[in-house]
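J.: please work out how this folds:
(2 chains)
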Protein chains: 2
Amino acid sequence: MLTYNFTEIGSDSMYEYLYRCIKDDILHGVLSAGTKLPSKRIFAKNLGISVITVENAYGQLMAEGYIYSIPKKGFYVCELKEIYMNNMISEEEDMEEDTQTKLISMDQEEKEYFADFSNNQTDTDVFPFSIWSKTMREVMNGNQEQLMTNAPGAGIMELREAIVKYLKQFRGMQVKAEQIVVGAGTDYLYGLLVQLLGRQVIYGVENPGYHKIAKIFEQMNAPYCYIDVDQDGVSAQKLEEKEVDVIHISPSHHFPTGIVMPISRRYELLGWASRKEGRYIIEDDYDSELRLTGKPIPTLQSIDVSDQVIYINTFTKTLCSTVRISYMVLPEPLLRKFYENLGFYSCTVSNFEQYILARFMENGSFEKHLNRLRNYYQNKRDRIMEAFREKPLGERITITEEDAGVHFLMKIHTEKKEEDMIADVKKKGIKLVPISQYYQGEKKHFDNTYVMNYSSIKMERVQEIASKLLLALT
Amino acid sequence: MLTYNFTEIGSDSMYEYLYRCIKDDILHGVLSAGTKLPSKRIFAKNLGISVITVENAYGQLMAEGYIYSIPKKGFYVCELKEIYMNNMISEEEDMEEDTQTKLISMDQEEKEYFADFSNNQTDTDVFPFSIWSKTMREVMNGNQEQLMTNAPGAGIMELREAIVKYLKQFRGMQVKAEQIVVGAGTDYLYGLLVQLLGRQVIYGVENPGYHKIAKIFEQMNAPYCYIDVDQDGVSAQKLEEKEVDVIHISPSHHFPTGIVMPISRRYELLGWASRKEGRYIIEDDYDSELRLTGKPIPTLQSIDVSDQVIYINTFTKTLCSTVRISYMVLPEPLLRKFYENLGFYSCTVSNFEQYILARFMENGSFEKHLNRLRNYYQNKRDRIMEAFREKPLGERITITEEDAGVHFLMKIHTEKKEEDMIADVKKKGIKLVPISQYYQGEKKHFDNTYVMNYSSIKMERVQEIASKLLLALT
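T.: Model (predicted):
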């Protein structure tokens, strides 16, 4: 049985000490990948400490990707090469949900944060339950025949037509319904894109960026590389250097830096694409609807004349993260290949939800909901800004990139190391995610800047969160 | 503009003649892959025939996979190599829905058959609309917090627990909730399995069999080969010969032959798997719930002691084809790899439908529904058998494999070629699918045996269908 000597604990808390002992053993190979750790109860008894202490240490190790748990089986040491990746992605629930952390914590109490700035979940306050229920009833009563009729692989026409109208009205995009492909989440659509564009091309992933993309390319057996982002986003020169064929970007609101790609850079990238056949830009427009100030930026898709932009968007941000509906707009020259090669796949979204969403969009409920959502987030953001910028807290932090989406960046002015800062605020019940986690490779930015997703933050707690934060900083 | 001389039409109908002219031109390379055919209206005008005639000819060519249409764009000639595949899969809606045909016919009136024995759609009569609606309302009112909480990648625990109970009660399987992976349809789960088991192994696909599987392996870049089925299913010897590592089978009810794999063969295959690490059997149990007579056969999964069976099943047969929920049961040794490598994927089924289905199963509605469904299909089958076996029709056909699932085999005793037979019954509004279409390679069985899926057949039409069939045969 694994054992540690608690006489050398120093100034650490019990759980921090235990956490560091195990972590060191993993990093030094004493505990090898796949090793099963003792159960919390038995370990606690053996070390003469409380179960809570072991639980906290294991929780921290899981959160940092050193160990994982199989529900009802126990805790195991991760592969060392995985550890780095896990650290990179463990906080990526900002763009998508934190399924991994959810899963591995199935067998223990979910750690309840007072304020979790990593969580992208939709607040129950803001989901339109009553109108959604009403639409459900209407569809269940009025569309029984259609509900039982198999949908085309790319989705029912009613929903695709509704998306076409929506894109025209709100994004100024002129597309046809047959260009729209509906699927159960963007993960699934990225997988389809690899099948469509093939594995003979090189995919580019932004660095820093949404690293889940890289994991999907990895699993789909598609070659990819990271492209460093400068102050305007990725550059054509870097793409040429790395011989990328297909680049994934979020020009309207880069994640996590918040960069809005200037129009000149947009044209530069379109120029890059048009110089060679088979080059594509995957434009991820994941949160343009939630832009809180100013006019939305025109999409690359809408200014592309060479049919080399694949536009992708999701309802998981605007409706809720648990309704799994995303869509992409394929350029017309790709349609034939799509229908010929991938047309055999069944649609992954059920008819019921497709018809409900189509009706919700057609009868104007979606637009009303979006307006309400923007107001709600604006209000929340204003409250947070007001509380956070008040002195003395306001003097210790700098907030940037607060105009778009439901996250902003917060730099904490401190001498502390990031990991210590995160641990300190965690003790106050606040979860922070450093921007450094989204950087791949050597050039990490450990400068105490945090990506603050405020979608799940409770309005009434904002003042108290500011106080707790201040306490942690001092 | 394409033109044909209608003076040599002979005894063919106008549309048959046009269909054969175009088909010949495609087969002889006069019309090459990708060629756009004239629009129906312009072609009709040019040839001096009616639009309906062109429409019928195009319809037949599409059904046989010679041409395809892009909605609102027009009709195009398929690749010759695709034609063979399309012929193989064009009727495979028997196991899954016919999304491709649906899609390519989006821009024209759906061809309405009086009786379509290729269609797997659920009759609106049999879907439990009222209880499903009631369950929806309960979930919408009672589970708001859970509905907004991101699900683990493998699905919500409530549904996985309900599936565990169900498998125990109805299939005698002892599995744990963490072994269950819920996904949006079996297509998606097969894709996940390739990602889990890798592309360094050889996948085996039954011949004859469900050829959509092969298309998925193809798209997922996984090496595969066909394994001929004998009277008991696939044999261990054939698997050894072809060096297969992972074999996909449906032992409870082989599609399309209806073979139930005998227990000796089941043990033989388990023995094959256990002889080498990394070998797996994917057991597709797609319609065991609908077995109409006798006891269900025990699953391979339940007699496997070496953890090498991956069980897969779907609700698209038992609930309806348009609710996209399937699941698989992973053997425990694969769990770690699954959670480590694929745990980052978001679940593809929305929380709403997961909670509705979980509750539907937990409160006994699913069991009641299954009983009702079995009665409904048994009744329908009995009516069909009675009508079809009556003389003189009964003397011209032989029906076999009618005890399981919602299809049976019908052999027509005739000298006619299959293609002529199909065309003749089609004129009477009946769509038949020959079993030969499910054979890959040389060893096709053109013996006028048809796979009769009766799920979408209207009860009240059964007598008339028998009369029409008799007329077509004489």
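J.: C-alpha from now on. contacts and neighbour counts both.
T.: Fine.
J.: up against chain B, what does the stretch 251-400 of chain A have?
T.: By C-alpha under 8 Å from any C-alpha of the partner chain, the residues of the stretch 251-400 of chain A that approach chain B are A:320-324, A:335-336, A:339, A:343-352.
J.: and the residues you listed, which are buried?
T.: Listed as buried from these are A:320-324, A:335-336, A:339, A:343-352; burial here means 16 or more other C-alpha atoms under 10 Å in any protein chain shown.
J.: measure residue A:213 to residue A:191 for me?
T.: 10 Å (C-alpha to C-alpha, to the nearest Å).
J.: same question, residue A:266
T.: As judged by C-alpha to C-alpha, residue A:266 and residue A:191 stand 25 Å apart.
J.: and if you look at residue A:377?
T.: According to C-alpha to C-alpha, residue A:377 and residue A:191 sit 31 Å apart.
J.: those two: which is more packed in?
T.: For residue A:377 and residue A:191, the more surrounded residue by other C-alpha atoms under 10 Å in any protein chain shown is residue A:377, and the numbers stand at 22 against 18.
J.: where's that one, which helix or strand?
T.: Following DSSP states H and E, one finds residue A:377 within helix A:365-389.
J.: also residue A:281?
T.: Under the criterion of DSSP H and E, residue A:281 resides in strand A:280-284.
J.: contacts for that strand, please.
T.: A:245-251, A:270, A:273, A:300-301, A:308-313 (C-alpha atoms under 8 Å, 6 or more residues apart in numbering or on different chains).
J.: got any ranges where the stretch 1-150 of chain A has weak pLDDT?
T.: For the stretch 1-150 of chain A, the stretches flagged by pLDDT under 70 are A:63-65, A:80-111.
J.: what sits against residue A:269?
T.: Shown in contact with residue A:269 (C-alpha under 8 Å, 6+ apart): A:235, A:236.
J.: mind checking the SS state of it?
T.: What DSSP: H, G, I helix; E, B strand; the rest coil gives for residue A:269 is helix.
J.: residue A:346 against residue B:186, yeah?
T.: No: judged on C-alpha atoms under 8 Å, residue A:346 makes no contact with residue B:186 at a distance of 9.0 Å.
J.: restricted to helices, list the residues of the stretch 251-400 of chain A next to chain B.
T.: Mapping those onto helices (DSSP state H) picks out A:335, A:336, A:351, A:352.
J.: work out for me the element residue A:450 sits within.
T.: According to DSSP H and E, residue A:450 maps onto strand A:449-453.
J.: which residues sit against that strand?
T.: A:94, A:117-120, A:256, A:406-412, A:432-436.
J.: just the ones of these in strands?
T.: Using DSSP state E, the members of these that fall within strands are A:407, A:408, A:409, A:410, A:411, A:412.
J.: most surrounded residue in the residues you listed?
T.: By neighbour count, taken as other C-alpha under 10 Å, the most surrounded of those turns out to be residue A:407 (27 neighbours).
J.: name the helices or strands packed onto the helix or strand encompassing residue A:141?
T.: For residue A:141, the element it lies in under DSSP H and E is helix A:129-142. Helices and strands touching helix A:129-142, by 3 or more C-alpha pairs under 8 Å, 6 or more residues apart in numbering or on different chains; DSSP states H and E, are helix A:351-362, helix B:129-142.
J.: tell me which of those helices sits most buried.
T.: Across those, averaging neighbours per residue (mean count of other C-alpha atoms under 10 Å in any protein chain shown) puts helix A:351-362 on top, at a mean of 21.
J.: what helices or strands is it leaning on?
T.: The contact analysis (3+ C-alpha pairs under 8 Å, 6+ apart) places helix A:351-362 against helix A:129-142, helix A:144-148, helix A:157-171.
J.: quick check: buried residues in the helix holding residue A:377?
T.: For helix A:365-389, burial by neighbour count (16+ other C-alpha under 10 Å) applies to A:365-366, A:369, A:373-374, A:376-378, A:380-381, A:384-385, A:387-389.
J.: please identify which of these is nearest to chain B.
T.: Of all these, chain B sits closest to residue A:373, with 15.2 Å by C-alpha to the nearest C-alpha.
J.: the residue nearest to residue A:457 when sequence neighbours are not counted: neighbour count?
T.: Nearest residue to residue A:457, sequence neighbours excluded (C-alpha to C-alpha, 6 or more residues apart in numbering or on different chains): residue A:115, at 5.9 Å. Counted with other C-alpha under 10 Å, residues neighbouring residue A:115 total 21.
J.: can you check residue A:7 too?
T.: 6.
J.: give the helix, strand or coil label for it.
T.: With three-state DSSP as the basis, residue A:7 sits in helix.
J.: how much space separates it from chain B?
T.: 35 Å (C-alpha to the nearest C-alpha, to the nearest Å).
J.: in the stretch 51-200 of chain A, which spans are helices?
T.: In chain order, the stretch 51-200 of chain A shows helices spanning A:51-63, A:80-89, A:99-104, A:129-142, A:144-148, A:157-171, A:186-197, with DSSP state H, counting those that start in this stretch as the criterion.
J.: that concludes my questions; thank you for your assistance.
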